[in-house]
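# sequence and predicted model, in that order:
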Amino acid sequence: MRPIKQSIGRDRLGFLLLHAQVKAAVLGLICLFLMSDCAYKVAPSGGPEDKTPPEIIHTFPAPDSTNIESLPYLEFRFSEAVDKASFRNETWILPELHAGYELKWKGGKTLRIILKDTLERDQTYIFTIGTGAQDLHRNSLPSPIVLPFSTGDEIDQGEISGRVFEKNPRGILIYAYQISDTFSARTVFERKPRYYTQIGNSGDFQLKYLKEDSYRIYALEDVNGDKKYTLQTDRIGIPFKDITISPQQMQQGEINFHLIREDTTRPQFVRSDTLFNRALQLSFDEPLRKVQFLSIQIRDSLSESMLPVVVAESNLEEPNRLIIYTQSQDKVKYTGMISAVQDTTGNFSLDDTIRFSFTGAVESDTTSAKLIAIEPEDSHSNVDYDSGIELRFYYPVDSLSLMNGLQLLSPDSMPVLGKWQFQSLLRPRFIPDTLLAKDASYQIQLDLFTIRTIFGDAIGDSVYISRFKTKDWAQLGDIAGVVYSDNPQHKSAIIKASPVRGAGRYMAFAEVGQPYLLSFLPEGSYLLEAGIDVNQNRKIDKGNGLHFQYAEPFRALPDTIKVRKRWTTEGVNFWFRQ
């Protein structure tokens, strides 16, 4: 009987083990089911990245609503959850409310704006959400979201559009000041405008829903966020004219801007240093103009005898430093005076006369006088037909000896006539009187023994020969067209072409209404821009905000222009309308 009992016990044990295994399997299936259900609800890892910015699917009130008597709040509902923090400095209402408003959120998709002030009667309002607003994946709005509504019978329909030409235009503002008895050129420094908007990622802008009135428009990179123009800190775009919105012309387009930073700080003297026995260096806190008419006097502080100054040159590597070349110094203390120092924007030094001192050196410079570089470089091909020759020397060169010691020889070995530019004796330029020949080889001969420094030292003891070749005409093309204007005061135009790929910039000058020709362009696609040279100084001026001066008008073609070799692309015209 005992064996039977043992057999029964083993069977029961097996049954219990089997039961446990089945139970564990069922529980495992339940867990898998639950896990799969959770996996269905949670976004899976991987997959395509979300690059779609949030969109508006509902607003209150509806866009272009009119006859609004009271409005406690505005509301925006987005297509997806957004980053609430990104909205903090990216909303505004125009005209502004004296008591302002408050942002409230309902979940992650609905923004409610609680208005804390009553609205003006018969007024169009614009609530804007700027391009800095983002979703949870940091996708920013491509252009501002604008909700217009009115307390009157209609929405104001005035509109001004244009473009700010910047590589990274994000965050730049367009300001519209109504021209009234209280408006002046100082207004942009003192208060915010009644109307403003943000430009889109492309640089284009639309300032809409404006009352019929006259306006002055600015572009502003408002660095400190105070909605006013701050010199030195902000960059500003100056208009080329004021705008009038009237029943005859409710829309004004092609109001374009280049940004400038206006420098009003005068150059400050920092220190003086002796370089060697015939040169000292004056350092300033900003770059100086390369071409200056300086008055410099240096005296021995004891004997009062003068130390003759030979020439002053901007340091080519560090333009905030001025090198003064003198006759041989003694090891004594010198005092000096210099006047008419200017920075690159034309600001003179704070003191009319800068005083400095230094101890003379008796050690000479161990570096020999030499030619450092020449452009075009030796053996360079594909040189432009309007190229000149630029030389770079270690010491300032004597101009007369250079004119006698350099020859540019044509393919038939005849000297090429031209003019010299000596704005810098460290970097003089030779400009041929005529264009260089097409697909031709030229030779530059430099008699280094004849060419002397300002101290009379020879640059070398041999003849240096450098060769280059101009572009092949068969590989080039042209662009032709006309710049038109309905303003009779517009006389001269400047046309510029920039390749989409590669470096270089090509320019042509023409009379308004007469054909222009951009010649010798390598094959490829180009961006074209034209401007009216109102003051005929052969450049497009960008205006002045401090001492207000209008910019000169310019236009850019929206599409690229294709240049083919041995072909003139014609009919590329520009229109300037009042």
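Ah, there it is. Numbers count the residues shown, from 1 in each chain.
# any idea how far the nearest residue to Pro415 once chain neighbours are set aside lies from Ser301?
With CB to CB, 6 or more residues apart in numbering as the measure, Gln407 is the residue that lies nearest to Pro415, at 5.3 Å, once sequence neighbours are left out. Glycine gets a C-beta too; all of them are placed from N, C-alpha and C. Here the distance between Gln407 and Ser301 works out to 47 Å (CB to CB, to the nearest Å).
# show me where pLDDT drops low in the protein?
Within the chain, the set of residues satisfying pLDDT under 70 comprises 1-47, 291-292, 350-351.
# which residues in the stretch 301-450 of the chain form strands?
With DSSP state E, counting those that start in this stretch as the criterion, the stretch 301-450 of the chain has strands at 309-314, 321-326, 333-339, 353-359, 371-375, 380-383, 389-393, 406-409, 418-421, 429-432, 441-447.
# just to revisit the earlier point, of Gln407 and Ser301, who's got more company?
More crowded of Gln407 and Ser301, by other CB atoms under 10 Å: Gln407, with 16 against 13.
# ok, the more buried one touching Thr450?
No. In this structure, Gln407 sits apart from Thr450 without contact. The criterion is CB atoms under 8 Å, and the distance is 10.8 Å.
# now for Ile160: which residues touch it?
In this structure, Ile160 makes contact with 174, 176, 206-207, 210, 215, 217, 243, 245, 251-253, 255, judged by CB atoms under 8 Å, 6 or more residues apart in numbering.
# closest one of those residues to Glu166?
Taking CB to CB as the measure, Glu166 sits nearest to Ile174 out of the contacts of Ile160, at 12.4 Å.
# how about the helices in the stretch 1-150 of the chain?
According to DSSP state H, counting those that start in this stretch, the stretch 1-150 of the chain carries its helices in the segments 2-41.
# make that the stretch 251-400 of the chain, sorry
Secondary structure of the stretch 251-400 of the chain by DSSP H, counting those that start in this stretch: the helices cover 399-405.
# count of residues packed around Gln206?
By the criterion of other CB under 10 Å, Gln206 has 18 neighbours.
# any idea what sits nearest it, other than its immediate chain neighbours?
Using CB to CB, 6+ apart, the closest residue to Gln206 is Ser161 (4.8 Å).
# center of the protein - which residue?
Among the residues of the chain, the smallest C-alpha distance to the mean C-alpha position (CA atoms, centre = their mean) belongs to Glu166, namely 5.1 Å.
# can you pull the contacts of the closest residue in space to Gly100 that isn't next to it in sequence?
Counting by CB to CB, 6+ apart, the nearest residue to Gly100 once its immediate chain neighbours are dropped is Lys116, at 5.6 Å. Contacts of Lys116 were listed using CB under 8 Å, 6+ apart, and they are Leu97, Ala99, Gly100, Tyr101, Glu102.
# could you identify which of those residues has the most neighbours?
Using other CB under 10 Å as the contact criterion, the top neighbour count among these goes to Tyr101, which has 19 neighbours.
# list the beta-bridge partners for that one.
Listed by DSSP bridges, the beta-bridge partners for Tyr101 are Leu115.
# report the separation between it and Ile160.
Using CB to CB, one obtains 25 Å as the distance from Tyr101 to Ile160.
# check Asp352 too.
In terms of CB to CB, Asp352 sits 45 Å off from Ile160.
# follow-up on the earlier one: pipe the strands of the stretch 301-450 of the chain into TSV and attach distance to Leu294 per row.
Output for the strands of the stretch 301-450 of the chain, formatted as TSV (distance: least, CB to CB, whole Å):
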stretch	distance to Leu294
strand 309-314	5
strand 321-326	8
strand 333-339	6
strand 353-359	10
strand 371-375	24
strand 380-383	35
strand 389-393	20
strand 406-409	27
strand 418-421	19
strand 429-432	21
strand 441-447	29
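# can you tell me which of those is most buried?
Highest mean neighbour count of the strands of the stretch 301-450 of the chain: strand 321-326, a mean of 21 (counted as mean count of other CB atoms under 10 Å).
# what helices and strands are in contact with it?
Under the contact criterion of 3 or more CB pairs under 8 Å, 6 or more residues apart in numbering; DSSP states H and E, the helices and strands touching strand 321-326 comprise strand 279-284, strand 295-300, strand 309-314.
# reformat those as JSON lines; add distance to Gly460.
Written out in JSON lines, the entries for those read as follows (distance: least, CB to CB, whole Å):
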{"stretch": "strand 279-284", "distance to Gly460": "21"}
{"stretch": "strand 295-300", "distance to Gly460": "30"}
{"stretch": "strand 309-314", "distance to Gly460": "21"}
